[in-house]
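# show me how the following folds:
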Amino acid sequence: MTVKKFLHMTSLIMLISIALPASSAILSEPVKTTSATNTENPRAQALLERLNNIKEIDKSEITRLERKSLRKEVREIKKEMKEVSGGVYLSVGVSSL
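As a prediction, the model looks like this:
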C-alpha cells in the first residue's frame, strides 16, 4: 500500500466519520405532523372507520370481483379524505447524495 492510497483512505474514513453522525442527528429529530385520526370532522372519522373495516376483512374468502370493488372503494375514500382534510401535506423525505 502506497502512501498516496493510505492518505486517500484515511481522508475518506475521516469524512465518513464526521458526516454520518451529523446526518443521523438531523434524521433523529421528531417530525411534527397532523394525524388524520385526530380530526374532528365526523365525515373523516366515518371514512377512517370504513378503511379500518376494509383492512380487517379476510380477503381470501371473497371473490375477485368483490376484491376489485373494495380496491375501488378504498381509492375513492382516500380521494375524499384528501378533499376533506384541506390538502395540507408535509414532506418529511430527506434526499442525500
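
# what distance do you get for Arg67 to Lys59?
Distance, Arg67 to Lys59, by CB to CB, to the nearest Å: 6 Å. Every C-beta, even on glycine, is put in place using the N, C-alpha and C of the backbone.

# give me the more crowded residue out of these two.
Here Arg67 and Lys59 are compared on neighbour count by other CB atoms under 10 Å; more neighbours surround Arg67, at 13 against 10.

# using the three-state scheme, assign the more buried one.
helix (DSSP: H, G, I helix; E, B strand; the rest coil).

# surely it meets Asp58?
No. If you go by CB atoms under 8 Å, Arg67 and Asp58 don't touch, sitting 11.1 Å apart.

# next, the residue nearest to Arg43 when sequence neighbours are not counted: secondary structure please.
Leaving aside its sequence neighbours, Arg43 sits nearest to Val84 (CB to CB, 6 or more residues apart in numbering; 5.9 Å). State at Val84, reduced to three classes by three-state DSSP: helix.

# residues in contact with Val84?
39, 41, 43-44, 47 (CB atoms under 8 Å, 6 or more residues apart in numbering).

# how far away is Leu65 from Lys59?
As judged by CB to CB, Leu65 and Lys59 stand 12 Å apart.

# quick one: least confident helix or strand in this protein?
helix 3-27 (a mean of 80; mean pLDDT, DSSP states H and E).

# so what's Ser11 up against?
Here Ser11 is in contact with no residue (CB under 8 Å, 6+ apart).

# which pLDDT value belongs to Leu51?
As predicted, Leu51 sits at a pLDDT of 90.

# and Thr39, by the same measure?
Per the predicted model, pLDDT is 54 at Thr39.

# can you check the one 3 residues further on too?
We note a pLDDT of 86 for Pro42 in this prediction.

# repeat for Val84
Per-residue confidence (pLDDT) for Val84: 79.

# same check on Leu90?
As predicted, Leu90 sits at a pLDDT of 49.
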